[in-house]
Structures are given as structure tokens and as C-alpha cells.
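Student: let's see this in three dimensions:
(5 chains, ligands or ions: 4)
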Amino acid sequence: MSDPVLELDRLSLSFGGLRALSELDLGVGEREIVSLIGPNGAGKSTVFNVITGVYEPSSGDVRFAGRSIAGLAPHRVARLGIGRTFQSLRLFLNMSVIENVMAATYGNTKAMPWESVLRLPRARREEREVRALAEDVLSFFGQRLAGYRWEQPAYSLSYANRRRLEIARALATSPRLLLLDEPAAGMNPAETHEVTELISRLRDERGVSILVIEHDMHVVDSCSNRVVALDHGVKIAEGGFDRVAAHPAVVEAYLGKDPGALSDGG
Amino acid sequence: MLLSLESVTTYYGQMRILEGISLNVAEGEMVCLLGGNASGKSTTLKTILGIVRPRTGQVLLDGEDVTQWQVPQRISAGLAIVPENRRLFGQMTVRENLELGAVLRGGEKLDDDFDRVHTLFPRLLERRGQLAGTLSGGEQQMVAMGRALMSRPRLLLMDEPSMGLSPALVQQNFQIIKDIHATGVSVLMVEQNATMALSIANRGYVLSTGEIVLDGPASELLQSEDLKRAYLGR
Amino acid sequence: SSSGSSSSASGGGGGSSTQACVASIGMEGPLTGPVANLGQEQLHFAQLAVSQDNTANKTKISIVQGDTQLNPAQATTVTQQFTSNSKIVAVAGPAGSQEVEAVGPLMARAGLPFITGSATAAALTTGKYPTFFRVVSKDSVQGPQDAKYIIDNLHPKALMIVDDQESYSTGLVAAMTPVFQAAGIKVDHESVSQKLTDFSSLVAKVTPSTSVVVLPWQVAANAQQFGRNLAQQHKKAVIFGTDGLFSPGTFSINGSYVSSFGPDITAIASDSAIAAQAKAKYGAFGTFGPPVFAATHVIDEAIASVCKAGQTPSRANVLAAIKKTDEPDSILGQPIKFDAHGDLVNGKFFLFKIDSAGKYQLTPG
Amino acid sequence: MAFFFQELVNGLTTGALYALVALGFSMVYGVLKLLNFAHGDLYMVGAYVGFFVIQWFGGATSLSIPVPLLLVIMFALAAGLVGGLGVAIERFAYRPLRDAPRIAPLITAIGISFFLESAALLLFGAQYRVYNTPDFINAHSGITIGSVTINSVQILVLVMGLILMVGLQQLVNWTKLGRQMRAVAADREAAEMLGVNVNFTIALTFFLGSALAGVAGVMAGLLFNQVTSTIGFIAGLKAFTAAVVGGIGSIPGAMLGGLLIGLAESFVTGYLSSTYSNLLVFGLLIAVMLVRPSGLLGQAQLQKV
Amino acid sequence: MSLDSPPPAGPRVGSDEWVARQAHRREYLPSWLGSLERASERAGWWPKLAAAAAAAAVLPLFGLGQFQLQVGIDALVIALLAVGLNIVVGWAGLLDLGYVAFFGCGAYGYALVSSGQIGANGIHLPSYLSIPLVMAAVAGLGLLVGWPSRRLIGDYLAIITLFFGEAFVEFTNNVAPSVLGGPNGIVGVDAIRLFGYTFTTNKSYYYLLVIVLVVTMGVLRLLDTSRTGRAWRAVREDPLAAASMTIPVNRVKLMAFAFGAAVAALAGTLFAAQQISVFPTDFDTPILILVYAGLILGGAGSIAGACTGALVVMVVYDGLLRSPTESGYLFYGLILLTLLAKLRPWRRLALVLAATVALGYAIHAIAAAVSDSAVAGGPHSAGLIAGALRDWVVVPASATVAGNWGFVALVCLLVALVQVSSQWRTILLPPTLYLASFVWETRLAAEPAITRQLMIGAILIVMMNARPQGLFGSRRVEALT
Ligand SMILES: Nc1ncnc2c1ncn2[C@@H]1O[C@H](COP(=O)(O)OP(=O)(O)OP(=O)(O)O)[C@@H](O)[C@H]1O
Ligand SMILES: Nc1ncnc2c1ncn2[C@@H]1O[C@H](COP(=O)(O)OP(=O)(O)OP(=O)(O)O)[C@@H](O)[C@H]1O
Ligand SMILES: [Mg+2]
Ligand SMILES: [Mg+2]
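Tutor: Ligands and ions are numbered 1, 2, ... in the order given. Presented below is the predicted three-dimensional model:
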């Protein structure tokens, strides 16, 4: 692993009596895709929430690009270069598709309200740049979010496209690290495949590091450099996909004794 | 025929979601409903249950027109649903959630039903006093299914029962669905996981943008080129 | 038959000209809102006056209602409505001093005479509103008079005075307080919103040495409740109220005093017919109605006299006639005559003491 | 010290009244997430019902039936009629807006409030209608301890208030009906999917909430002696405040909030100043809200991300 | 922006064409209403604003009287407030129930620095100084009041701001009466003087307000389409997601409060100058209700909606409903419009109307035959309506009690109409309509002040039911959480 972009150091968090994370160590390297797997309630999304400042850790530290970011407000974390998506989609439903993406550039632009009102040069330049950026990240999804869809309200998008828009929105914050929470949930196999390719392209073309939570083993298998398995907030396995998938604790807690039994039997 | 829809058209406000859907579920059958996102699968289930009313077309239960019936009436007649995203009452206990499943069966003893649910899902007996919101995803799915079974349905509607579950739970889940079906309950299931769903179902329908574009026995659908390209392709 | 027509020497008779004497009077008051009880009473008495005077004078005067909700901005809009309606030649109202301040300039610009039956702030009659009149006396007269009476006759060592956060009330309090303080009386000044209906916690503050509570309020029912709270907590203080508390049947705390710009019209023989009529038609009433009756009557007579003189009842003519008003007697039990600024000349006050049966006994003072 | 206890009793009594109104408000909020600004006007209608019952039986001074019976009739009739009115309002005005943006029913509620208030003005006139409670309930027959007096009406209000609050709490927590109400409150569509009769449950909640307002109206009439078409506004405001301060949607919260406001008003008036009492009470409540942003007993919204 | 990629044709297995076909699946209102809907969807924002401004500018040329001008001014002030409130409520999604206090602060602020109130000779700042000064000060106050919004959400914020609103009235009523004037307010406020022109007449204030409103709307539109506007709306939609997308949620909320407060203060200065006086009661809850009613009726979130809604509410409430004649037209007009819109097919409408007319004449004839006094009252409506109804509607000589019972019966009937089946509705409609007319002529028209309140209440209920998202509001989706 080269210099890690993100480093979790003995991170713990409790909700009341529930220990959601305990003493978790985790690193994501430059241009690395790390998958986070684990049974429901293992604390995967909680890891994301701690990293992005939604929750404050009970103990331990989060370091991003060498700097401690534990306890920082979410918008500051985002400005430092961590973009994320949400497991239960949280789009700005009543705003148009392109506005969803443009809104995510707020922290990286500077025009004051009066500059915008008077359309002063800086405001105009920024507005042009923001729009170009938005169109650029949307075009990343090919025809899926192109053309006539820009001006549609986000609520009119299908579920899969909403997931894509969430990714586009996260990209618009110009992140170095992208946190994707179940990007393929609720998608059919074909779409899931598309997402898999997309994740790899994000790393290759945009150079971002990615931490991804996913339940679909095909996704995890085909795109991750490294897999980390959690259970009850504790890391139970780490390494390449094949090693982790064969790890007895992972099989026991997560994959089930007999993967593929049903689909083969049909 | 236990359930049939006859050219049902459903609107949400000014928006037409279903365009003349017709489908059947026979007694004891397991049917699965496939389709892309937002193609109207959940809406179809809601129309069957009576949460939304079709603007035209009919919903028949046992050959009787129930289009104008209220939801409680339909549930008494043998329908029950496991809703999308489970929709548990998070601030209530597991037991209270289950009791709500039998809300229409005033007064009579529920012990038998609890027993039935608890034999299917022993885990729920342990957790009966816990707030449903604090359960893990898989346990929540069990509560949702148990809750639906509390009304002693003849036809169980299931909306994406394996969504967001870990691989182990998905398998477990399908096994449970098979078990439930084996006890004689008919099932109409919406699933993204087309291969798995078709592997345990008798028949299937494919919905696209509010219209049924393909239907047939499950084994035939598994072979369909169109379907392979769209769903199973990789 | 009524006091109105029998007592009016100046008007009387009725239009002898061939043309019918047609005009409209605007009526501004809080017809809805928190003090609708006052406004509705005022409206009812204005309606009574007009219907009586129409019969007596053979005029065809009608009333146009304007609801101000005791809100100056609304009063402005209503006044604009009235000033742009050329049929309206005079206005009865508005009720509150704030409203008069707000509409005074508009009325002046339109040359529209207006007579209030309840706005008593002293500042209104400094000559800034040339078309303004009132049939009640101002605070600066009533306040000191009442205070003097209290000092001389009730001899309190300490007293509580409670305003109700309206201009009427604060005006009187401001006029009374210095007089009490000059007499060395300890004054506890409190203030409650008109909307409040529970006074138990305020009443608990009445100390044993506080022998008088002054309530210059507009809502008699609130004072009644105050009195009951006093009794419940075994407090012996005497309530001294002003105009708004004059409301036989509503405010009936034994031993209280009420100083009023109007008499008890049920006790005045010549007013008994009006009182009976009002009671039959609209139910119980207090002191806010009769002054508006008087005001409306003044306008009615002015219009009638203009018609009688063969002129059209224009605003200017009616204004001139109102200025000349000289009624030897009125429903208020006193003559009505205006000074140069529109104030009542020799405005009288009536002091009542309430007996154990709830009856209002006129007390010389 | 006597002064303190006197103010305590006064505060508790008005507080109990606020709590009752707040309770109904909070219940309705619980199931519909609707700030029912017309709630205070239902209270006003209740107070009128009580007044007309007294009139009907001969007026305060010459009652034709025993006082306990009169009270029972007053409360029963107010609860029934106002409850029914609440149900009608829900059916007519709120049901079509169930799926509208949350702010839409707010304006409808204001419309209802205007309507009820002016309808009362039209039908019953503007004058204050007086209960003359002391004429039929002997106000002095209460309890006197030292110089602190608790009169019989205050006792009635406190006891009934307590009974109703506890009863309601039991109903919501331990009965099948209560479970259905909580289910509808938590997730209307999911409840409907289970066969819960959502319309009925909501109507019932409205009935109970409005009936409480009606009962509180009669109590206010007994306590304050008077009713007019405009008393609803302040009552509604107090209920809203009490419900929110206590934690909106929470039944014990509404009770606590109501009592807190009653006591705060009483003590601020007693020990500080009546002139600034509202300002000071507001200040106090703001301080409470800033310390506990979701009300005293409200659960912080468990936000699972 | 490229809108040229054509939507795909019919459904294919597994493809996701929902968005593409959405436009084709939308149903518009029937007939001409639908074309209107489409037309207004097509027209641009700025042309519409220009057209509206032009219309407002030429309106006084049609001989508006002082009263109409006053109503116009009142309406424009409320519209300005609604447009400002839209920032806070419509965009940032913060339920601010103390908004009218900012209006009050603006008015009092202007009155204090532009009158003889303070000091021996008073302060008489020139308007070009006083207005910006007051706006800035009140915007600062907005920041202060918005401070709790850092922690409070939804209805909890509502109550705090409601306290603030109530506290303002208490404060001006009670605190420092020698400066603020207590309930007597501040009188003798200076007129606004700008560019050497002193605004004294109502007409001048009307034009001033039109200009200010149009400029404000333009400015806000520019703001709305900028990063600030996007941030506001993002915060409304989902504060947590917004924060995760680099938006400093608290700062953005405070900014909304400050901007809203500044607009309210601007409205306040103009109000104070036009009224020449300020009083605490001018800034009490009723104004707040009107502003909210306007905003929500027009459609929260839309500048045009806020403005139009407020204008409609105020013209109806302040203008039409004040005069018995016009409120009569409004009453009968609304009934007819509702019937036209709701009763289908035409035959059914004709049947109901004919039955109603026949029923009326029959009842009138019978009543007249039975007793003279039963029809002795005559309709209370003025003008045309009275003439048309004279021999149709029964109005007894002394009608208060009958009218009251009629009113109660009418309300019951209306509630019943919603419940019953459509055949029964057709049968019940004629008696209901007749009863409505009876109640109006015997009771409501005789009490214009009360009826005004009653009508505005009824109109709010009916309008919200007819169009929950408001006149201009688009359908909104609230996130299911
Ligand atoms: N805000 C919260 N308050 C209390 N408990 C919480 C909160 N957020 C999460 N938890 C609990 O923490 C544990 C971990 O939750 P988390 O959402 O991280 O699981 P997950 O691994 O993402 O599961 P899934 O695969 O189902 O999304 C769970 O038991 C959950 O109930
Ligand atoms: N309550 C509603 N109001 C308005 N539109 C709705 C509503 N519910 C669903 N829709 C719309 O109807 C369409 C079909 O939705 P539906 O939920 O039936 O799709 P689905 O096939 O179940 O999709 P998914 O796989 O995402 O669950 C979608 O475009 C959705 O936006
Ligand atoms: Mg998760
Ligand atoms: Mg679905």
C-alpha cells in the first residue's frame, strides 16, 4: 500500500449500550478500491458516518491525507475531499438533476450573494465552471443521465438513476476519496454489472480512491483491490477477495454455508 | 383463479403508472413479477391490496370483483403483504408488530398464530420484547414476513423481500419463502434477483414502464433471450 | 317617543323638502377580532339610532359597516373605503385612539367629519384633526378626577393599578398614577393583556394593605373574573373601574365603583325605551354602545338639518351642522356641544357603586 | 410561603387546563403531523356548549337539576358535540390533504379557525356569555390551608385533568386501539397495508383530541366564568406552546408542558412582573428549548443514515 | 443544454424509460384549462414578470379610487412580505412563525429614525440612508433569531419564532413607552424622499411598491438560480445530504433568515412611511396569517406564486369582501364556478341549476301564500343580485333566528354532500344551493364584517383542498424517511 489516503485508527463508537464499532483499523491507499462487507447491522454504514462527520467517534482517530478529521463538521469533511453516497438515497428530490449536481459545488465556489445578483465576473465565471463540471460528471454515466434528463426533477428519476445521480453529486464535490454505500442495491444483474464497471472507471479515469460497501459478491469480486469484512463492529477478515470469501468467520457470519445453493438448484 | 387483474390502469395524480395490466395467480401457485426500476411493480401490488385504486379495470379475488373493496376487506378475504423496505414500526416491540398483523381478527386468541410464526422464525421468540427498529436487517425481514402471516393469508404479496440483505440472509430468506409456499400459501413476489426468484417460482411476468411485456412459466422465462440480456446479462 | 328625537331641539321635524334626504354614515369599530364585543355593541347602537332617527326625521340614512379590528392599518383601509364613497357624509367611530391617530389625516383631507364614542386619548384634540369630534371626555379629565375621588373617599394606603395594554387603558393609568404618587400612596402598577382570562396569580399579589384595585379596562367580563378571584382568595380590596366595566349583569362585584362617561341608561327614564329595545334586539350591553348612539344621533340630526335647510347633505354641510350641534340633553344624560377642537363641552362623569344585588347605584362624586 | 403555595395552586390549575388542550393538540399532531391551529376554536365551542347547557337547565341561579348531573351533562355533551365537530372537520378539510405538502393543512387549519370563530360570532353574538359558576358551585367550599385556598372548581379541574391524562396515556399504550393509533402515527401506509382502518383511526384520534378540547372548554368556562368567540386563539397558542415544549406528539410531554407554562406564568406574575410576564415566560421557554431542542420529553429523532 | 435526444418509443424488456416517457404520461386539466397549464409552463420567467409589472403599472390608469389604491398598497406590502417569507419557508424550508416581527422592526426602525420621536427635534434621516440602515439592522436581528435554527428543526423552530413574534408585540406595547410609544405607537412618520421626489400620495406609494416588489422579485430570482439559491433549496430538501455535499447548513439557514428579514424590513419601512404611523397591533398575528395564506395559496417555493397568492388573498380579503355588494358577487360567483368546474357532464349541471331555480320559485310561492311576513324581508344583497332574487329567495321579516338555523343546516348539508354517493349529491345539491342563498340573503349579507371573516376562512379551506400545492406550486415529493 502506498501512502494511505484514509486511515482509521482504533476507531470505536457506541450508541447507548450498543457498541457499533470497536477498535477498528482500516486504511485506503491512493487509487485503491477497498470493499467493506459484513452482515446487516455490522456497522458498515456507521464507518461512513464517522468518516464524514455525521457521528463523532467515542474514541480513536480518523486521518485523511495525513490530517486528523475526527469530529469535523460534515461540510468541512466534504470540502477536504471526501464525497459520499447514502444507503437510503438522499437526493434533493425537488430540484432538477443538474441542480442536484451543481449544488454540491457550493463549498468549492466563492461568489457572494450580491455578486450572483449583479452577475459580476467572478460569479459568472464560477457559474460557467460549475455547469461545465456538472455536465462533465453527468456525462460519465453515458446516456443514462444525459440530455433531456438534466432539467427533470430528481424525483422523476428511476431508482437506479437516482443511485447514479447520487454518485454524480458526490463526484461534483471534487473528492479524492469516494465513499459508496451499496451502489448496486435494488438494481438488477445487468445494472449491477454496469455499476461494477463504473467503479473501476472512476478510479482509473478520475484517480479517486474508493471505499465501497456492497452486498453483491460479484461487484466486490470484480472491482476491489482489497476486501475488509466486519461483524459487530469488529474487523473479522481483510485481504484479497478470494481469501476473505473463504475465511471461515466470513462464511459463517455473512456468506452462508452454501453459496449459490438455491440459484443452482432452480 | 385466486387472483386476477383485468386490464388495470392506475394513476398517481396526473401520472399514469400502470397501463392495462392483466395477470393471474392460481391457488397454491408461486408467481414472480419482474421488471426494471420504477416499472410499476410495487404499484401493481398496491393496486391488488387496494392502497391505490385503479382508474379502469378490475381486480378479482376468487372470481369476485373486489375493485371497490377497502383494504381491510381484502385482507379479511385472504391477502397480506410484506411491504418494500419492510416498513416495521420501529418504536414498537416485535410482539406488537406481530399483533398488528392480526389487527383485523378482533378478540380471538392469537396463540396459534404466534406459534406458527415462531416455529418458522425461532429468532423472533427470543426477541419478542425488543423494539423492532433496533433489529438487524435480516431480523426485520423476518418480522415483516411473520407479521403478514399473522392474518392467515391465502395469497402473500411480497415486495423485494431480499433487498439490502446480506448473501446469507438472502438464501435464508428464499428458503423461508419456499417453506411458506409449501404450507399452502400462494405467493406473488416482486424481485430484482430474477434468477433466484425464477428458480423457485412457477410462473413469472415481466413489467416494463407499466406494461406487461413478457410472461410464461418460470423455466421458459429463464431461457428468454430478452430477459437474459436485460437482467441476467453480464 | 325616544329620548333621541324628543331631546333634540336643533334637528327635529324632518326633511320638509320634496326630495328624500338620502345619505350614508360610515361606522368604524372592531366588529370582529378580540374586542368584537365592544364593536358589535357600538354597531347595534348606531343601527338603533339610525332607524329611530330615520322614522322621526323622515330621512333615508343608511349605515356602512367598516371593521377595523381595533387595528390602525385596517382602520386606514376602511377610511379610504369611506372617503372614496361619496355617499358617506360622516363617520361614527373609530373606536380606539390609535385608530384615530392613523385615520385623522385621511379624514381631514377628505373633509369627512367623524365622531368617536370611545377614543379618549388627550392628544387627539389638540386641533390637528379638524374633522374630529368626540362625545366622551378625555383621559386627562377623567383620570385625575377619578384619582381624586379615590384618594378622598376610599383613603387607600396602597393600591394596585392594572392596565390592559390598550391605548385607552394606558392613557388613563398615565393620568392617574402621578396623582396617587403625589398623595403618597404606594402604587403597584401591573399590566395584563386583554386576552388574559385568568387573574388568580395576579390577585395573589394583592397585599393585605392594598385596599383598592383600579381596573381601567374595556372588558367587563375580565373584571368580573378578577373580582371573583379576589373573593376566592379572601382579598378585601375594592375594585375601581372605568367606562368599560360599566356593564350591569356582567360586572357585578359587590362594593365596586365604576366611573363612566355615560350614565346607566336603563335608569334614565327618557332612555328606557331605547334600553329596552336594545336589550330585546341584541341582549345585554355595557357603556360602549350609548356614546355611539349619541354620536350617530348627532350625525343624523346634522344631516336632517342640512336637508331641512334645503341643501344637499354634503360632507362640508354636514360638518358645519355637526359643529353647530347643541343638544340640551342626550342619551348620555348630558348636553352635547363641541368646542373648537371637537371635545365635548363640560363632559360629565357618572360614578356608580355596585350594591350586593349587582345594581349600579349612582353615587354623587 | 403562603404566597408561594397560592401561586403554586393557581399555576397548577391553569396548567392542568393548558395540559388538557395541549393533549388533544398533541394527539392530532401525533397521527397526522398536523399543527391544528383550529384546536383552540374547538375549545371555544366546548365552552359555549357548557354555557348553553346551563341556560337550558334554567340558568346558574335557578337550576332545575342537581349540580353533579349538570356537570356530567355539560362534560358529556361538550365532549360528544365537539368531538363530532372535530371528526367532521377532519373528514371535510384535512382528509383531502393527507398527501399534500405538510404546510398545506396548516393554512386549512387557519381557515377552519377563521370559520369557527366567525360562525360563533354570527350565531352567538359578540357579548361575553357568563357561566356564573359561583352561583351553582360554591367557590368557597374548597380547601383552605392557612391562607392558601383551593376552591372546588380548581379541585374539579385538577382531578378531572389528571384522570383524563392518565386514562389517555393508558389507552394509547395498552389497548389495541392505541396500538393502531401508534401504528398510523408511525407509518400510515404500512398500517394500511396491514388492514388497519386508517380513516377510522384518524377520525377516532380527532374525536378524542377534539373531545378533550371540548371538555377543557367547559372547564375553562367553570374556572374563568366567561366565554366569547375569541377565547380560542390564546388557548390554541398555549396548547401549541405546551405541546412543543413538552415534546410534540408525546402525551406526558404535553401534560408536562402545560403544567410548566401554567406554573411559569403564575410565578413570573407573582414574583416578577405581570407587565413583562409573557416576555419572561417566552424567554424561559426559549431557554428550555435551547437546552432540549426536541422538547422536554420528546425523543430526539432517531436519524439512521 | 441538449434536449434533442428523442425519448424512446414503446416499452422494452428491462429498459428504464420512465423519465423519457414521463411527459407523455402526464394528464393535463381538461379543455382550455389544460391549454392554459401548458402555455404557462412554456412561457419564460422574465417575460412573465415584465408582463405582470406592466399590468400593475397601467392598472391605476383605469381610474382606481383612493380605496382601490389603498387595497393595492396593502396587497403589495403583503406580497413583498410573502416574497421575502418564501426565502425562509419556501426555499430554506424553515417554518418561521415570527416573520411579521421583522416587518414590525423595519417599520419601527424607520419610524424611529424618521420622525420626531427621539430627542428634542427627532431624527430625520434621509430615506436613502434610513432604508438601507434599517434593512441591515433587521437582517442582523434575523441572524440572531435564526441562531436557534442551528439546533432546532421543524416545528420546534416554529415555536421559538412564534415566541419572537409575540414578544415583539409585547415589547412594543410595554417597553420604553416614551420611545416606542406603547400602544399609542409612533405618529408623524416622515414620507419617503428619494431622488428629490417626496412620496406623499397613495398613487406614488403604489408605484413605489410596484417597483420595489418587481425589483425584489428579480433580485431573488437571480439569487435563486445562483449557488446561494441552490444551497437553500438543498438544505430544505435534506440538510444532512447538503452538509455532506460541502454546504455549510447552519450558515446557509442563517443567511435565509437574514435575507428574509431584510425584505420584511424593506416592506416595513414602506408601510410605516405610507401609513405615517406605526402601532404594535399592526404587527400582530393576523398579518402573519395573511402572509402565510398568500404564500401557501400561491405555492411556497415559487416567487411568482408567493406574489400572486398574496395579491389574490389581499384583494379578496381587503377589497372585495369589505363591501357587501362585491362579496355577494364573490359568493354567488364562487358557487357557480365550483359547479362549472366540478359538475360533469353538462347535462347534470343544467339539471341541478334548473331544479334549483324551480325549487326557489316554488318555495317562494308557497311561503308567500302561507304568510306575508315570511317573504317580507327582501334580500339583503344590493344591486343586480337583489333584483334577480327578489321573487325567488324567501326572506322573512325578522330573520336572525331562521338565518342562524339555516346556517347550521347549511354547514351540515355541505359536510353531508362530501360523504354521500354521487346520485344523492345531485339530489341534495338544489336544496343546498337554495339554502345557501337563503342564508346569505337573510343573515350573511346583513353582517358584512362577520361574513368577511367567514368567507376568507371558507375560501382558504376550499382553495387548499382544490389545489394543495398552491396556484403556482409544482407537485412536490417529500422524502420518505
Ligand atoms: N443513529 C443511530 N442510533 C442508534 N443506533 C444506530 C444508529 N445508527 C446505526 N445504529 C446501529 O448501529 C449498528 C450498525 O448499523 P449500520 O447502519 O452501520 O449497519 P450496516 O452494516 O450498514 O448494515 P446494513 O448492511 O443493513 O446497511 C446497527 O445495529 C444499527 O441499529
Ligand atoms: N405515491 C406516489 N405518488 C406519485 N408517484 C409515485 C408514487 N409511488 C410511486 N410513484 C411513481 O410510480 C412509478 C412506479 O413506481 P413503483 O414503486 O411501482 O416502481 P417499482 O417497479 O416498484 O420500482 P422499484 O424497483 O424501484 O421498487 C415511479 O415512477 C414512481 O416515481
Ligand atoms: Mg448500511
Ligand atoms: Mg418497488
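
Student: looking at chain B, which helix or strand does the model trust least?
Tutor: helix B:225-227 (a mean of 79; mean pLDDT, DSSP states H and E).

Student: now it, how far from the chain's geometric center?
Tutor: 24 Å (C-alpha atoms, centre = their mean, to the nearest Å).

Student: buried residues in that helix, which are they?
Tutor: Neighbour counts over helix B:225-227 (16 or more other C-beta atoms under 10 Å in any protein chain shown) mark residue B:227 as buried. Using the backbone N, CA and C atoms, a C-beta is placed for each residue, glycine as well.

Student: ok, now stretch B:41-56?
Tutor: B:41-52, B:54.

Student: near ligand 2, anything from that stretch?
Tutor: Yes: Stretch B:41-56 reaches ligand 2 (C-beta under 6 Å from any ligand atom) through B:41-43.

Student: endpoint to endpoint, that stretch covers what distance?
Tutor: 18 Å (C-alpha to C-alpha, to the nearest Å).

Student: what mean pLDDT does the helix or strand harbouring residue E:112 have?
Tutor: Following DSSP states H and E, one finds residue E:112 within helix E:99-113. The pLDDT scores in helix E:99-113 average 96.

Student: can you tell me if the helix or strand that that helix is followed by touches chain C.
Tutor: Sequence order places strand E:114-115 as the next helix or strand after helix E:99-113, per DSSP H and E. No: Strand E:114-115 does not reach chain C (C-beta under 8 Å from any C-beta of the partner chain); its nearest approach is 12.6 Å.

Student: strand E:114-115 packs against which elements?
Tutor: Judged by 3 or more C-beta pairs under 8 Å, 6 or more residues apart in numbering or on different chains; DSSP states H and E, the packing partners of strand E:114-115 are strand E:123-124.

Student: for the strand it packs on, which helices and strands make contact with it?
Tutor: Using 3+ C-beta pairs under 8 Å, 6+ apart as the test, strand E:123-124 ends up in contact with helix E:99-113, strand E:114-115.

Student: next SSE after it?
Tutor: Next in line after strand E:123-124, if elements are assigned by DSSP H and E, sits helix E:127-146.

Student: hmm, back to that, CA atoms only for the helix holding residue E:112 - export them in CSV, please.
Tutor: Output in CSV follows, covering the C-alpha atoms of helix E:99-113 (Å, rounded to 0.1, in the frame of the first residue of the first chain):
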residue,chain,number,x,y,z
TYR,E,99,-41.7,36.7,10.4
VAL,E,100,-44.1,39.5,10.9
ALA,E,101,-41.9,40.8,13.7
PHE,E,102,-39.2,41.6,11.2
PHE,E,103,-41.8,43.6,9.3
GLY,E,104,-42.6,45.4,12.6
CYS,E,105,-38.9,46.0,13.3
GLY,E,106,-38.5,47.5,9.9
ALA,E,107,-41.5,49.8,10.4
TYR,E,108,-40.5,50.8,13.9
GLY,E,109,-36.9,51.2,12.9
TYR,E,110,-37.9,53.5,10.1
ALA,E,111,-40.3,55.4,12.3
LEU,E,112,-37.7,56.0,15.0
VAL,E,113,-35.1,57.4,12.6
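
Student: distance from the chain centre to it, please.
Tutor: 21 Å.

Student: got the buried residues for it?
Tutor: Buried, per 16+ other C-beta under 10 Å, within helix E:99-113: E:99-113.

Student: out of those, which comes closest to chain A?
Tutor: Nearest to chain A out of the buried residues of helix E:99-113 is residue E:102 (C-beta to the nearest C-beta; 17.9 Å).

Student: please enumerate the strands of the chain.
Tutor: By default, I'm working from chain A. Under the criterion DSSP state E, chain A contains strands at A:4-15, A:18-29, A:33-37, A:59-64, A:67-68, A:82-84, A:177-181, A:209-213, A:226-231, A:234-239.

Student: right idea, wrong chain: chain D
Tutor: Using DSSP E, strands in chain D cover D:129-130, D:143-145, D:148-150, D:226-227.

Student: quick one: strands adjacent to the third one?
Tutor: Put plainly, it is strand D:148-150. Strand D:148-150 has its sheet partners listed here by DSSP bridges as strand D:143-145 (antiparallel).

Student: residues making contact with the strand it pairs with?
Tutor: D:5, D:149-150, D:155 (C-beta atoms under 8 Å, 6 or more residues apart in numbering or on different chains).

Student: among those residues, which one lies nearest to chain C?
Tutor: Using C-beta to the nearest C-beta, the contacts of strand D:143-145 come closest to chain C at residue D:149, 5.7 Å.

Student: mind listing what the closest one touches?
Tutor: Contacts of residue D:149 by C-beta under 8 Å, 6+ apart are C:232-234, D:6, D:9, D:142-143.

Student: lowest pLDDT pick from these?
Tutor: residue D:142 (75).

Student: quick check: phi and psi at that residue.
Tutor: phi -80, psi -150 (degrees, to the nearest 10).

Student: in the chain, where is pLDDT below threshold?
Tutor: Looking at chain A here, since you left the chain open. Along chain A, segments meeting pLDDT under 70 span A:1-2, A:147-148, A:257-266.

Student: oops, chain B please
Tutor: Scanning chain B for pLDDT under 70 picks out B:106-108, B:230-234.
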